[in-house]
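S.K.: build me a structure from this.
(4 chains)
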2 protein chains.
Amino acid sequence: MLTLPELREKCRQRGVKLTPQRIAIFECLIQHAGHPSAEEVYQEVLARYPTLSCATVYNTLELLAELGEVREVIVDELRRRYDANVEPHQHAVCRQCHRIMDVEVDAATALRQTDLQTYGFAVEAVTVQFTGLCAPCAAAAA
Amino acid sequence: MLTLPELREKCRQRGVKLTPQRIAIFECLIQHAGHPSAEEVYQEVLARYPTLSCATVYNTLELLAELGEVREVIVDELRRRYDANVEPHQHAVCRQCHRIMDVEVDAATALRQTDLQTYGFAVEAVTVQFTGLCAPCAAAAA
DNA sequence: ATCGCTGCAAACGGTTTGCAACCTG
DNA sequence: CAGGTTGCAAACCGTTTGCAGCGAT
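M.R.: Sure thing, here's the model as predicted:
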């Protein structure tokens, strides 16, 4: 989870401008633990910037991902989600309520050293995702 | 990889009709190792059934997934892809050409026993995905 | 004859694009 | 002051929906 001064520095290095909109979107992501979609970010920041356009949100999210400030999360084919937690971790996705939970599993960490040379594939990143039922949904089902 | 007679039997049990379109879509998936999208399946089967509609393709792919004959593969947020290989395995996705390769990794197999009780999460399935460069793209880059 | 399946066309929802006006560095 | 950024609106693309007609049991 990076801070605003760090973001400011990164923007300066990259020569991109740190506009109020970008700051607002970044802060929204930091405060939002729930892996929001672009649309959700748009709706939240819209309250502060009534003229905000969705194009700006998409541009900014892409920029933040390039800077390594946020991670794109793909759990379904419909929409991209964003995670301000850029530390190595995995996701547990509830098949009922579709909530996404950050988890940390040792066995998954070991996977990062996986060698796929026999397949002629150079691994750069590993994604692990668990699907199942979160506690509230498991309780509701019983 | 299931066979047509097995599919026929499953359909009979479920009480759904095995139409020529469904057979054609199923065969397309079996022959197609490249994890095709619905659109790609549609285009290929269209050659044999010029009146085929995309709705039928989507319906059939959903049905086949329910029957356990194919697996849905989510590698990007744009489109759903389908895999006729329903055996446990992982995917290696090339960030350059976006090709999807089936791989099998022991360490990933071990992940299936992961216990997320401390998170209050009941694991039902685990997905592992490697991102990197396939051999042709790595060669082209060098 | 019934009930499910198909084909068609329109709707839908997230994302992208082009461009003129604007504002940051 | 220049060039990146914004806002707007329309386009895009994969997917879904409603419905009339068809076909298998």
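S.K.: hey, where'd the strands end up in chain A?
M.R.: Ranges of strands in chain A, per DSSP state E, are A:71-73, A:81-83, A:90-94, A:100-103, A:121-134.
S.K.: for the second one, packing partners?
M.R.: What it means is strand A:81-83. Applying 3 or more C-beta pairs under 8 Å, 6 or more residues apart in numbering or on different chains; DSSP states H and E, one finds that strand A:81-83 contacts helix A:54-67, strand A:71-73. Using the backbone N, CA and C atoms, a C-beta is placed for each residue, glycine as well.
S.K.: alongside DNA strand C, which residues does chain A contribute?
M.R.: A:11, A:17-20, A:37-39, A:54-55, A:58-59, A:62, A:78-80 (C-beta under 7 Å from any atom of the strand).
S.K.: B:Ile25: which of the residues you listed is nearest?
M.R.: The closest of the residues of chain A next to DNA strand C to B:Ile25 turns out to be A:Leu78 (C-beta to C-beta; 22.3 Å).
S.K.: about what we covered before: of the residues of chain A next to DNA strand C, closest to A:Leu4?
M.R.: Nearest to A:Leu4, judged by C-beta to C-beta, of those is A:Leu18 at 9.0 Å.
S.K.: correct me, but that closest one touches A:Lys10?
M.R.: No. With contacts counted by C-beta atoms under 8 Å, A:Leu18 stays clear of A:Lys10, the gap being 9.1 Å.
S.K.: who has more neighbours out of those two?
M.R.: A:Lys10 (18 against 15; other C-beta atoms under 10 Å in any protein chain shown).
S.K.: residues in contact with the more buried one?
M.R.: A:Lys10 makes contact with A:Leu67, A:Glu69, according to C-beta atoms under 8 Å, 6 or more residues apart in numbering or on different chains.
S.K.: let's see it at 10 Å
M.R.: A:Leu2, A:Val16, A:Leu18, A:Leu63, A:Leu64, A:Glu66, A:Leu67, A:Gly68, A:Glu69 (C-beta atoms under 10 Å, 6 or more residues apart in numbering or on different chains).
S.K.: low-confidence stretches in chain A?
M.R.: With pLDDT under 70 as the threshold, chain A has no low-confidence stretch at all.
S.K.: give me the subset of the residues of chain A next to DNA strand C touching DNA strand D.
M.R.: Subset of the residues of chain A next to DNA strand C in contact with DNA strand D: A:Lys17, A:Thr19, A:Cys54, A:Ala55, A:Asn59, counting by C-beta under 7 Å from any atom of the strand.
S.K.: and the furthest pair within those?
M.R.: Farthest apart among these by C-beta to C-beta are A:Lys17 and A:Cys54. That separation is 19.4 Å.
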